[in-house]
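Student: predicted coordinates and the sequence they were generated for:
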Amino acid sequence: MLLLINKPVYPLYLWFLAPSALLPSLLTMLSMPAYWLIARLAKRAPDLARKGLVLAGLLDTVAISFVLGQASGAEFFLFACMLLASLCFYRDETLASRLSVVAIFCVFAVLHGRYGSGLGQIMPDDAANLFKLNLLGAAALIAFMALRFPRSARRPRVRS
C-alpha cells in the first residue's frame, strides 16, 4: 500500500525538486495497477501477493531506472527489493528468499552502469536532486521495512 500511495506523488516531488524530470517521471505511474492488484491479492492469496510484490518491485525499479537514467539513482531501490525478498518469505521458504535476493543482486550487477541517460533531457542540477531524492527514498524504504517487518518464525494461522 505504501508503494501504491506513493506512485502518484512521486512526479509531484520531481516537479518541485527536478522539474526537467517531470515528464519522464509520469511513466513511473504505469506500475500502479500492479501494486493495486498485489494489494487486492493480499487477503485472497497472500503467498502469491508476497512473491508478486518482490517481482513487481524488481521490474518497476528496473523500468524506472531506464526511464530516468543512470544519473537518477533510481537503481538504489534494488537494495530495498533485496531486503523485501529477505523479509517477506517465511523461514520454511528460505530457498525462495535466497534465490530472490541472488536474482535481484544479479540484475543489479548486470544492469549497473547500463541504464543510459533516460528518456528525457534532465538538467544536471535536476539529476543531482533526483539522485539525492532516490538515495534518501531508498534508504527510508529500507529503514521502514527493517523496522516494520522483522522475519516471522512461522506463518500466521488461517482462520476458517
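Tutor: Perfect, thanks for sending it.

Student: quick one, longest helix in the protein?
Tutor: Ranked by residue count, the top helix of the chain under DSSP state H comes out as helix 124-148.

Student: buried ones in it?
Tutor: Residues of helix 124-148 classed as buried: 126-127, 129-131, 133-134, 137-138, 141-142, 145 (neighbour count, 16 or more other Cβ atoms under 10 Å). For glycine as for every other residue, the C-beta is placed from the backbone atoms N, C-alpha and C.

Student: what comes into contact with stretch 135-147?
Tutor: 2, 73, 76-77, 79-80, 83-84, 87 (Cβ atoms under 8 Å, 6 or more residues apart in numbering).

Student: now stretch 75-86
Tutor: 53-54, 57-58, 60-62, 64-65, 97, 100-101, 104-105, 107-108, 111-112, 115, 134-135, 137-139, 141-142, 145-146, 151.

Student: again with stretch 97-109
Tutor: 54, 58, 62, 75, 78-79, 81-82, 85-86, 88-89.

Student: among those, which one is most surrounded by other residues?
Tutor: Among these, the one with the most neighbours (other Cβ atoms under 10 Å) is C81, at 29 neighbours.

Student: what about H112, distance to F79?
Tutor: 12 Å (Cβ to Cβ, to the nearest Å).

Student: repeat for G69
Tutor: For G69, the distance to F79 - Cβ to Cβ - is 18 Å.

Student: can you check G118 too?
Tutor: From G118 over to F79 (counting by Cβ to Cβ), the distance is 20 Å.

Student: how about A18?
Tutor: A18 is 21 Å from F79, by Cβ to Cβ.

Student: same question, M1
Tutor: Counting by Cβ to Cβ - M1 and F79 are separated by 21 Å.

Student: now the lowest-mean-pLDDT helix or strand in the chain: how far from the chain's centre is it?
Tutor: Ranking every helix and strand in the chain by mean pLDDT, DSSP states H and E puts helix 2-6 at the bottom, with a mean of 81. A distance of 10 Å separates the C-alpha centroid of helix 2-6 from that of its chain, computed with Cα atoms, centre = their mean, to the nearest Å.

Student: after it, next one along is what?
Tutor: helix 10-17 (DSSP states H and E).
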